[in-house]
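# Sequence first, predicted coordinates after that:
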Amino acid sequence: MRRPVIGICASVERARWTYWDEQAAVLSMNYVRHVQRAGGIAVLLAPDPHPAELLRVLDGVLLTGGADIGDVPERDTFELALAAAAMEADLPVLGVCRGMQVMNVARGGTLIEHLPDAVGHEDHRLVPG
């Protein structure tokens, strides 16, 4: 029995390392480690112009947390199309924070863009990280 291949969506962020300072596809190793501990093969998914084609090689998709929908259009376009295609193909999809929002919007749902405006507090994530 082969290990399941799980595609994990990367954030698109400005990053600096060695000699580079540019846009990068970045992913917390926590996601990778948890997929591996569960017996899967973790594959980083950077925005791709043909997201549905990725489903041919994946057994599941992990939509990660990160910037709000609307903040990084390249990531939004990719993840919304990937999520819609994966759910249509009945492929397992797990959404974490932003990923749950992506799943909702990919299915035609709506979002309140800044929840504290609706409920009156800013207590979410007082401790960074």
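Here it is on my side, so go on.
# mind checking how far Leu91 is from Glu22?
32 Å (Cβ to Cβ, to the nearest Å). C-beta here means a position set from N, CA and C on the backbone, and glycine is covered the same way.
# actually Asn104, sorry about that
31 Å.
# more crowded one of these two?
Neighbours around Asn104 and Glu22, counted as other Cβ atoms under 10 Å, are more numerous at Asn104. The numbers are 15 against 8.
# Tell me the helix or strand right after the longest helix belonging to the chain.
Counting residues, the longest helix found in the chain (DSSP state H) is helix 73-88. Downstream of helix 73-88, the first helix or strand assigned by DSSP states H and E is strand 93-95.
# ok, and for that following strand, which residues are buried?
93, 95 (16 or more other Cβ atoms under 10 Å).
# helices or strands up against it?
strand 60-63, helix 73-88, helix 98-106 (3 or more Cβ pairs under 8 Å, 6 or more residues apart in numbering; DSSP states H and E).
# Extract the C-alpha trace of the least confident helix or strand in the chain by mean pLDDT and format it as PDB.
Here the helix or strand of the chain ranked lowest by mean pLDDT, DSSP states H and E is helix 115-119, holding a mean of 80. C-alpha atoms of helix 115-119 as PDB (Å, rounded to 0.1, in the frame of the first residue of the first chain):
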ATOM      1  CA  LEU A 115     -15.500  40.000  11.600                       C
ATOM      2  CA  PRO A 116     -14.600  42.400  14.500                       C
ATOM      3  CA  ASP A 117     -16.700  45.100  12.600                       C
ATOM      4  CA  ALA A 118     -19.700  42.700  13.000                       C
ATOM      5  CA  VAL A 119     -19.100  41.400  16.500                       C
END
